[in-house]
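Asker: Pasting the sequence and the predicted coordinates here, then a few questions.
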Amino acid sequence: MAATPQNPAASAPRRKVSRHRGEGQWAMGHYTPLNGNEQFKKDDDGLNVRTRIETIYSKRGFDSIDPNDLRGRMRWWGLYTQRKPGIDGGKTAVLEPEELDDKYFMLRVRIDGGRLTTQQLRVIGEISQEFARGSADITDRQNIQLHWIRIEDVPEIWNRLEAVGLSTTEACGDCPRVVIGSPVAGIAEDEIIDGSWAIDEIHERYIGSKEFSNLPRKFKTAISGSPLLDVVHEINDVAFVGVEHPEHGPGFDLWVGGGLSTNPKIGVRLGAWVPLAEVPDVWAGVVGIFRDYGYRRLRTRARLKFLVADWGPEKFRQVLEDEYLKRKLVDGPAPGEPVQRWRDHVGVHRQQDGNFYVGFAPRVGRVDGATLAKIADLAEAHGSGRVRTTVEQKMIILDVTEAQVESLVEALEALDLTAKPSSFRRGTMACTGIEYCKLAIVETKQRGSALIDELERRLPEFDEPLTINLNGCPNACARIQVADIGLKGQLVLNDAGEQVEGYQVHLGGALGLEAGFGRKVRGLKVTSEELPDYVERVLRRFQAERADGERFAAWAARASEEALS
């Protein structure tokens, strides 16, 4: 076609037009899978893999497992392949998945609300000893993880767990993961409201249901009526935080869109007050929005926090009310600041009924099967049939009479499970690290434990609340951005110019009191070997420069780069 005054574009080069497929939001009509994960979920629901595990894979062995089941759908039943031993951190991002995979699994036992009976704890301990080489880690989401699990043993493990009311259902995968809750729900003297019923109802109605078994990414929930704000509500996809409404009484303040990893975001309040009876329905509404409007095009933008950031809290609340609940929510107050700095419930505390609960601190969440069984025995010997896990990798024994408290504390001390820990023992957490995790670059658990010993020796009088969180990679499973001292594992150069394990340092993060992310000083990295020296140096400067009563996070925010180096 010739160019004319009426058609000047005819002489211009033709531009290739590509059809915009959006962000992969189902509610916008974008159903075509846009990445491999979305394709395997469309091909077969993750929950369906259990039948293949029981009837095929457990009988034919590891090599019979379909790759989309192995690295995808098996997560819906709490199973991840663990890292093959001997692969250094420099190869984490280089090797193909099949080169990193060991023929053993991590198995995550789902513990909603952190609630366990001593019978359940003993069964986990027995499974650990019989099938997992004694391994057991308490996570910062109240679960217990086992390692060295063979596919051949998984059906028997499930049978034993389910016989005592436990499961691994949706412990991993793009689905609603464990619902974390206050570990002292229903017993704490200062509790605003007990959220246990809502946790149970959500589990009963929705966990293992195909209604929410195909979400864009994982979905994390927190429910607590404690004034201590003890479930890190600011970094969950949805959180219900106990508040007292001036007209309606105790209920929950609704938060959405929190999360960490490589794009951390603090959750936002929707300004809505939710009574206990309505929590499951409101929870389902939020999950429904995520399922239908969540971004499925790129895995890196598929968490709820990105949708919330784009919409804002006003639009999110409007869609929740108009499209999912079909009614308006009641406006409500924000939660108050936590009444104390430590929120892990460690130590001896009086319950509502006059008995006591005793919180204690394993080292960076690492225990073993034999120790779990001993904890169950100790609890029962001191009159208790209930234990709890916390979001700080700690444990609690409930229902101890006053006459038995001292004996229990001494017995725990003999197991190196102190109820009177130093600030370093109490405040140090670590993720799984390179020992088992295929994403990790550095070791964490042993390093964290050794760091505790060194700091206790070097700074025996230090008694300020302080969190030190070690993570083996950038994904922030150990919450590095919101720790006083957050340590992100990476390879660094030592003084000899050699590449060694080390950490990028984040300083002054916090949750609860003035929640925010830690400060990164340009170029501030330490090798693993230098870590005790570095932390000691910074803490001594903090002690020398702090104002009266000043928290570490506040000091770190104003300190000079020289003081933090």
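Answerer: Nice, thanks for sending it over.

Asker: Burial check on Ile180, number of neighbours?
Answerer: The local packing of Ile180 (other CB atoms under 10 Å) involves 30 other residues. Yep, even glycine has a C-beta here, placed from its N, CA and C like the rest.

Asker: My guess is Val282 contacts Val274. True?
Answerer: Yes: with contacts defined as CB atoms under 8 Å, Val282 counts as touching Val274 at a distance of 5.2 Å.

Asker: Between the two, which contacts overlap?
Answerer: Here Val282 and Val274 have Phe240, Leu254, Leu329 as joint contacts, going by CB atoms under 8 Å, 6 or more residues apart in numbering.

Asker: Next one: the last one from Ile151, what distance?
Answerer: It refers to Leu329. Noted for Leu329: a distance of 46 Å to Ile151, by CB to CB, to the nearest Å.

Asker: How about the first one?
Answerer: Here Phe240 is placed at a distance of 37 Å from Ile151 (CB to CB).

Asker: the more surrounded of the two?
Answerer: Ranked by neighbour count (other CB under 10 Å), Phe240 and Ile151 place Phe240 first, with 30 against 24.

Asker: List the beta-bridge partners for that one.
Answerer: Note on Phe240: beta-bridge partners Ile223, Leu254, judged by DSSP bridges.

Asker: OK, contacts around it?
Answerer: 195, 198, 222-224, 233, 252-255, 274, 279, 282-283.

Asker: Format the residues you listed as a markdown table; extra columns: pLDDT and neighbour count.
Answerer: Below are these laid out as a markdown table (pLDDT from 0 to 100; neighbours: other CB atoms under 10 Å):
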| residue | pLDDT | neighbour count |
| --- | --- | --- |
| Gly195 | 98 | 27 |
| Ala198 | 98 | 27 |
| Ala222 | 98 | 29 |
| Ile223 | 98 | 31 |
| Ser224 | 98 | 32 |
| His233 | 97 | 26 |
| Phe252 | 98 | 29 |
| Asp253 | 98 | 21 |
| Leu254 | 98 | 27 |
| Trp255 | 98 | 27 |
| Val274 | 98 | 23 |
| Val279 | 98 | 21 |
| Val282 | 98 | 23 |
| Trp283 | 99 | 26 |
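
Asker: tell me which of the shared contacts of Val282 and Val274 is nearest to Gln25?
Answerer: Leu254 (22.3 Å; CB to CB).

Asker: contacting residues around the closest one?
Answerer: Residues counted as contacts of Leu254 (CB under 8 Å, 6+ apart) are Val238, Ala239, Phe240, Arg269, Leu270, Ala272, Trp273, Val274, Val282, Leu329.

Asker: Please name the nearest non-neighbouring residue to the second one.
Answerer: Spelled out, that is Ala239. Excluding the flanking residues, the one nearest Ala239 by CB to CB, 6 or more residues apart in numbering is His233, at 3.5 Å.

Asker: swap in the fourth one?
Answerer: For Arg269, the nearest residue in space outside its immediate sequence neighbours is Trp255; the separation is 5.6 Å by CB to CB, 6+ apart.

Asker: Report the helix or strand with the lowest average pLDDT across the chain.
Answerer: helix 97-100 (a mean of 91; mean pLDDT, DSSP states H and E).

Asker: next SSE after that one?
Answerer: Per DSSP states H and E, the first helix or strand lying C-terminal to helix 97-100 is strand 101-109.

Asker: Mind listing the strands that next one pairs with, and their directions?
Answerer: Here strand 101-109 has these sheet partners by DSSP bridges: strand 79-83 (antiparallel), strand 144-149 (antiparallel).

Asker: So Val232 is in contact with Ala222, correct?
Answerer: Yes: under the criterion of CB under 8 Å, Val232 makes contact with Ala222 at 6.7 Å.

Asker: Can you work out which residues contact both of those two?
Answerer: Common contacts of Val232 and Ala222, defined by CB under 8 Å, 6+ apart, comprise Ile180.

Asker: Identify the residues contacting the nearest residue to Lys84 once chain neighbours are set aside.
Answerer: In this structure, Lys84 finds its nearest non-sequential neighbour in Asp102, 4.3 Å apart by CB to CB, 6+ apart. Contacts for Asp102 (CB under 8 Å, 6+ apart) come out as Thr81, Gln82, Arg83, Lys84, Pro85.

Asker: just the buried members of those?
Answerer: Among those, the ones that count as buried by 16 or more other CB atoms under 10 Å are Thr81, Gln82, Arg83.

Asker: Take the residues you listed and lay them out in CSV including pLDDT.
Answerer: Output for those, formatted as CSV (pLDDT from 0 to 100):
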residue, pLDDT
Thr81, 97
Gln82, 97
Arg83, 96
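
Asker: in a strand, that's where Arg343 is, yeah?
Answerer: No: using DSSP: H, G, I helix; E, B strand; the rest coil, the assignment for Arg343 is coil, not a strand.

Asker: Relative to Ile223, how far out is it?
Answerer: For Arg343, the distance to Ile223 (CB to CB) stands at 15 Å.

Asker: How about Tyr295?
Answerer: 25 Å.

Asker: likewise Leu539?
Answerer: As judged by CB to CB, Leu539 and Ile223 stand 35 Å apart.

Asker: What of Asn37?
Answerer: Distance from Asn37 to Ile223, by CB to CB: 28 Å.

Asker: how about Val500, phi and psi?
Answerer: For Val500, the backbone dihedrals (degrees, to the nearest 10) come out as phi -140, psi 170.

Asker: right, and it touches Val492 too?
Answerer: Yes: Val500 is within contact range of Val492, at 6.5 Å (criterion: CB under 8 Å).

Asker: Looking at the two, which one has more neighbours?
Answerer: Neighbour count, other CB under 10 Å: between Val500 and Val492, Val492 has more, with 18 against 15.

Asker: Can you tell me the SS state at the more buried one?
Answerer: strand.

Asker: sec struct for the residue nearest to it when sequence neighbours are not counted, please.
Answerer: In space, and not counting its chain neighbours, Val492 is closest to Gly502: 3.4 Å by CB to CB, 6+ apart. Put simply, Gly502 is strand when judged by three-state DSSP.

Asker: if we can go back for a sec, contacting residues for the residue nearest to Ala239?
Answerer: So His233 contacts Ala222, Ser224, Ala239, Phe240, Val241, Trp255, Gly258, Gly267 (CB under 8 Å, 6+ apart).

Asker: I'd like the distance between it and Ala483.
Answerer: Relative to Ala483, and taking CB to CB, His233 is found at 17 Å.

Asker: Can you name the residues that contact the nearest residue to Asp344 once chain neighbours are set aside?
Answerer: Excluding the flanking residues, the one nearest Asp344 by CB to CB, 6+ apart is Glu392, at 4.0 Å. Contacts were defined as CB under 8 Å, 6+ apart; by that measure Glu392 touches Asp140, Arg343, Asp344, Met429.

Asker: Touching, the third one and Asp230? I think so.
Answerer: By that I understand Asp344. Yes: Asp344 is within contact range of Asp230, at 7.5 Å (criterion: CB under 8 Å).

Asker: which residues are common contacts for these two?
Answerer: Thr390.

Asker: Neighbour count for the two, which is higher?
Answerer: Relative neighbour count places Asp230 above the other of Asp344 and Asp230, with 26 against 21, counting by other CB under 10 Å.

Asker: didn't that one look like it was pressed against Val391?
Answerer: Yes: taking CB under 8 Å as the definition, Asp230 is a contact partner of Val391 at 7.1 Å.
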